[in-house]
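Novice: Quick one, structure for this:
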Amino acid sequence: MRGGKKRYSQGGQRQILQMLRKKQKPREKEQKYPAEQLGTAPVGRLILEMSVPSVIGVMAYSIYNLFDTVFLSQGAGMEAVGGAAVSFPLFLFLSAVSSTLGSGAASVMSRAFGRGDMEQAAKTAGNTFAVFYGTAVLVTVFGLLFLDPVLYAMGVTDDLLPYARDYTRIILAGAVTSTGFSSLIRAEGSSRYAMNIWVIPLSANVVFDCLFIFAFRMGVTGAALGTVLGQCISMGMSIWYFFLSGKSCLNLKLRHFIPDFPVIKEILLTGLPSFVQTCGTGLSTVIVNWFLRKYGGSLSIGTYGIAGRVMTFVQFPVMGLAQGIQPVIGYNRGAGKRERVRETMKKSLRGAAVYGGAVYLLTALFPETVLGIFTGDEEVLKLGSRILRIAGLGLAFSAVVWIRATYFQAVGRKRAALLAGLLGPVIFFAPAAFVLGGMFGLDGIWYAFPVSAAAACLVTKNCTDR
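Specialist: Modelled structure (predicted):
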């Protein structure tokens, strides 16, 4: 009996040890994968932890663009700047593709994480990679085969063609490296790594620009090479995160990269508002310039170019906030935690509105100081100050609309997200500019900004309350 009891005790001990090991695995996973914190951490702290790195990443990109243009103009001349600028539509297209896929996939993945459906999340990520890299390869092949016709279609002149050809050829060759899928990394809750995948490559890009443009005198070719090498670092960091580091909660297999058309359709439809919003912003600029040409002339167009850049720059923190809360909303919506979704929206809307109001007061009280960074022309400063004081009234409304559009996209309300992206810059702005411009002339164009933003804010509130 004693021997039997002893053997039973040893067997029971082995079973207990096995059970303890099994129970330890979920705890290790909980510590390893931050996505689960999206459903448990305090909402206020979570918004800060997810949004601040996103804001830093967006601001880093903006600052890099400024440095890139300055280096190229000082080290290679304005012809090189013009040749590189010609390829901007190509950048815009690749950016729109990656933004559409990234935001759509991030929304689908966040909701899948909330439901605990890891297979769906992995399939979404794999299909996103496959679609983007397939598209990038097609762009590379088509662009290199028809390089000169493409450049002429984008508006290159004969004088700028050699510079544009040298620059665009390298950019096209590196098209597959043009995104690090930071939005997918952020969807897992790894906001700091998503920030690093912006900041580190962009910092390296600045160093490469200095080296190739000034030290090696490579001109526009050096600028393009620096850009692609920076993108390679971003791509390498992405590969390391998803496949080598063990940090990702996705266990990606070859089957996840096989095209699944229902999944691709969901990604594209969910991400479409981001594409439309990008195009809508460009379209609104065209509309503004058309009205300014009618009511103001070259001075008003040039001044709006500077004032518009200021208003875009101060909205970057709102963009970072929106990027940060998307995975929080999507995860908790998927997990059925509606109260956490409402709390996230309440605090984000309040923060966006307060920030928009504070930025408006700053630019309205000290407009010449802000505009003086870009120009010292007295006429431009005078008109630019008026633009900031009138058009800037819409900053708080635009910030609120941006947060609501992010909510619609995060929860999969595709039509509402699409509508929110078009209301302010296109649907309301064009008729407001037409009516107010006819009544008040040039000032009416500036008043069209806050009027259209306020109308969009009212409509999106009704959509949110449904």
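
Novice: Tell me how far F113 lies from E119.
Specialist: Look at F113 and E119: by C-beta to C-beta, to the nearest Å, they are 12 Å apart. For the C-beta atoms, the positions are set from N, CA and C on the backbone; glycine is no exception.

Novice: who are the neighbours in contact with S183?
Specialist: Shown in contact with S183 (C-beta atoms under 8 Å, 6 or more residues apart in numbering): G102, S103, A105, A106, A194, Q323, Q326.

Novice: Neighbour count and secondary structure added to the residues you listed, as JSON lines?
Specialist: Formatted as JSON lines, those follow (neighbours: other C-beta atoms under 10 Å; DSSP: H, G, I helix; E, B strand; the rest coil):
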{"residue": "G102", "neighbour count": "25", "secondary structure": "helix"}
{"residue": "S103", "neighbour count": "28", "secondary structure": "helix"}
{"residue": "A105", "neighbour count": "30", "secondary structure": "helix"}
{"residue": "A106", "neighbour count": "31", "secondary structure": "helix"}
{"residue": "A194", "neighbour count": "26", "secondary structure": "helix"}
{"residue": "Q323", "neighbour count": "25", "secondary structure": "helix"}
{"residue": "Q326", "neighbour count": "25", "secondary structure": "helix"}
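
Novice: Poorly predicted segments of the stretch 351-466 of the chain, please.
Specialist: Regions of the stretch 351-466 of the chain meeting the criterion pLDDT under 70 cover residues 465-466.

Novice: higher neighbour count, F113 and E119?
Specialist: A direct count of neighbours by other C-beta atoms under 10 Å for F113 and E119 places F113 higher, at 27 against 13.

Novice: Okay, and the more buried one sits in which element?
Specialist: Per DSSP states H and E, F113 falls inside helix 88-115.

Novice: elements contacting the helix or strand following that helix?
Specialist: On the C-terminal side of helix 88-115, the closest following helix or strand by DSSP H and E is helix 118-145. Applying 3 or more C-beta pairs under 8 Å, 6 or more residues apart in numbering; DSSP states H and E, we find helix 118-145 packed against helix 88-115, helix 161-173, helix 261-295.

Novice: and the ones you listed as JSON lines, adding distance to C463 and mean pLDDT?
Specialist: Below are the helices and strands packed on helix 118-145 laid out as JSON lines (distance: least, C-beta to C-beta, whole Å; pLDDT from 0 to 100):
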{"stretch": "helix 88-115", "distance to C463": "17", "mean pLDDT": "88"}
{"stretch": "helix 161-173", "distance to C463": "39", "mean pLDDT": "93"}
{"stretch": "helix 261-295", "distance to C463": "13", "mean pLDDT": "83"}
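
Novice: Out of those helices, indicate the one that is most buried.
Specialist: When those are scored by mean count of other C-beta atoms under 10 Å, the highest mean neighbour count falls to helix 88-115 (a mean of 22).

Novice: So what angle separates the directions of that one and helix 118-145?
Specialist: On the basis of axes from the mean of the first three to the mean of the last three C-alpha atoms, to 10 degrees, helix 88-115 is oriented at 170 degrees to helix 118-145.

Novice: Remind me what helix 88-115 packs against, helices and strands.
Specialist: Helix 88-115 packs on helix 118-145, helix 161-173, helix 182-187, helix 261-295, helix 316-334, helix 395-410, going by 3+ C-beta pairs under 8 Å, 6+ apart.

Novice: which helices and strands does the last one pack with?
Specialist: In this structure, helix 395-410 makes packing contacts with helix 88-115, helix 261-295, helix 316-334, helix 338-365, helix 414-422, helix 442-465, judged by 3+ C-beta pairs under 8 Å, 6+ apart.

Novice: Please identify which of those helices is closest to G394.
Specialist: Among the helices and strands packed on helix 395-410, the nearest to G394 by C-beta to C-beta is helix 442-465 (3.4 Å).

Novice: Any buried residues in that closest one, and which?
Specialist: 442, 444-457, 459-460, 463-464 (16 or more other C-beta atoms under 10 Å).

Novice: Now for T124, how many residues are close by?
Specialist: Counted with other C-beta under 10 Å, residues neighbouring T124 total 30.

Novice: quick one, what contacts it?
Specialist: Contacts for T124 (C-beta under 8 Å, 6+ apart) come out as A105, V108, M109, A112, V263, E266, I267.

Novice: Could you verify my assumption that the last one touches A105?
Specialist: The reference is to I267. Yes - between I267 and A105 a contact is recorded at 5.1 Å, counting by C-beta atoms under 8 Å.

Novice: Leaving out sequence neighbours, find the closest residue to the spatially most central residue of the chain.
Specialist: Central residue of the chain (C-alpha atoms, centre = their mean): S99, 6.3 Å from the mean position. With C-beta to C-beta, 6 or more residues apart in numbering as the criterion, S99 has its nearest non-adjacent residue at 4.7 Å, and that residue is S274.

Novice: Same check on L393?
Specialist: Excluding the flanking residues, the one nearest L393 by C-beta to C-beta, 6+ apart is P450, at 3.7 Å.

Novice: Ok, L283 next?
Specialist: Leaving aside its chain neighbours, L283 sits nearest to V426 (5.8 Å; criterion: C-beta to C-beta, 6+ apart).

Novice: Let's verify that neighbour: helix, strand, or coil?
Specialist: Here V426 is helix, with the state taken from DSSP: H, G, I helix; E, B strand; the rest coil.
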